[in-house]
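Undergrad: Below are the sequence and a predicted model for it; my questions follow.
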Amino acid sequence: MAHNVQATYLAAYAPTGGGTGKGAFDITSAKDVRVTGCMLSAIGDTMHIQRSRNIVFANNQILGSRMGAFFLAEFCQNAAITGNIVDGTNGSRIVSVEKSCTDVTMTGNTFRNGGRGAWINQPVNLVMVGNLFINNTTKNEPDMRRGRIAYQTAKPCQFPELYFTLYEPRASYGPVIVRDNIFILGRAAPEEAVTFAANGRDIQFTGNSFQTKPAKIVVDPSCTRTQIENNPGAVTITKPVDFNHGRR
């Protein structure tokens, strides 16, 4: 049992001398950021880049995260994420693109072994093309050494492989292009593998391949100007989406 919760948290997640991001590095309020050719891991979130602009994160390896693996945190602008290998090793989210990031391009990356999928929170002008997503829902597994119990249901969590959310009531997000990616779903991936929360606009989700098990792409009926087609291994359904995945 833990009698000092704050000390227990720091011991488990924050390395000695770590910054606010609890990991390898945390870059805040910078411009012309370049991170290339690095090998990173951490017992917290591996890295944060936040409130920055003109970002290149290329040809890096993230090879272990106690918590989230890759964070393009809130309010970043003009970011190119390309050619990286990100291995979450059953941490938290394999990818987070948080709070109103704008003009973000993610191409040719491998994202694997994450815990709670890839979370995209109210983006503007997001492009994800030619990436490989492998088994990023390990927190859904019933084995408590790897999985997580949902407090709402007392059952294993059900995080999608990729999910788009809002953080402001009645806000909107988009345009979004997600094209020609490969999703190799893990054994604990839910049937609803990709979800688009309410008020998305100008969404293109085309040419993506889903492997290992049947999948559904779920689009909230309030989304407008959507093109969801030619995604082998998945069917598209329209129904209201619970967008609280990213808040838990």
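TA: Noted; the coordinates are in hand. Computed from a predicted model, the values in this text were never measured in an experiment.
Undergrad: Just the C-alphas of stretch 224-244, formatted as PDB.
TA: Only the C-alpha atoms of stretch 224-244 are listed here, as PDB (Å, rounded to 0.1, in the frame of the first residue of the first chain):
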ATOM      1  CA  THR A 224     -19.700  17.300 -42.500                       C
ATOM      2  CA  ARG A 225     -18.000  17.000 -45.900                       C
ATOM      3  CA  THR A 226     -16.600  13.500 -45.200                       C
ATOM      4  CA  GLN A 227     -15.100  11.000 -47.600                       C
ATOM      5  CA  ILE A 228     -14.700   7.700 -45.800                       C
ATOM      6  CA  GLU A 229     -14.100   5.000 -48.500                       C
ATOM      7  CA  ASN A 230     -11.800   2.300 -49.900                       C
ATOM      8  CA  ASN A 231     -10.500   1.100 -46.500                       C
ATOM      9  CA  PRO A 232     -10.000  -2.700 -46.900                       C
ATOM     10  CA  GLY A 233     -10.800  -4.700 -43.800                       C
ATOM     11  CA  ALA A 234     -13.100  -2.100 -42.300                       C
ATOM     12  CA  VAL A 235     -16.700  -0.900 -42.600                       C
ATOM     13  CA  THR A 236     -17.900   2.600 -41.900                       C
ATOM     14  CA  ILE A 237     -20.800   3.300 -39.600                       C
ATOM     15  CA  THR A 238     -22.500   6.500 -38.500                       C
ATOM     16  CA  LYS A 239     -23.500   7.000 -34.900                       C
ATOM     17  CA  PRO A 240     -22.900   9.400 -32.000                       C
ATOM     18  CA  VAL A 241     -19.300   9.100 -30.700                       C
ATOM     19  CA  ASP A 242     -18.200   9.300 -27.100                       C
ATOM     20  CA  PHE A 243     -15.200  11.500 -27.300                       C
ATOM     21  CA  ASN A 244     -14.000  11.100 -23.700                       C
END
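Undergrad: any weak-confidence spans in the protein?
TA: For the chain, residues meeting the criterion pLDDT under 70 lie at 1-3, 5-22, 243-248.
Undergrad: Need the residue closest to the centroid of it.
TA: Compute the mean C-alpha point of the chain, and by CA atoms, centre = their mean the closest residue is Ala118, 2.0 Å away.
Undergrad: List the buried residues in stretch 88-105.
TA: 88-101, 103-104 (16 or more other CB atoms under 10 Å). Bear in mind the C-beta positions are built from the backbone N, C-alpha and C, glycine included.
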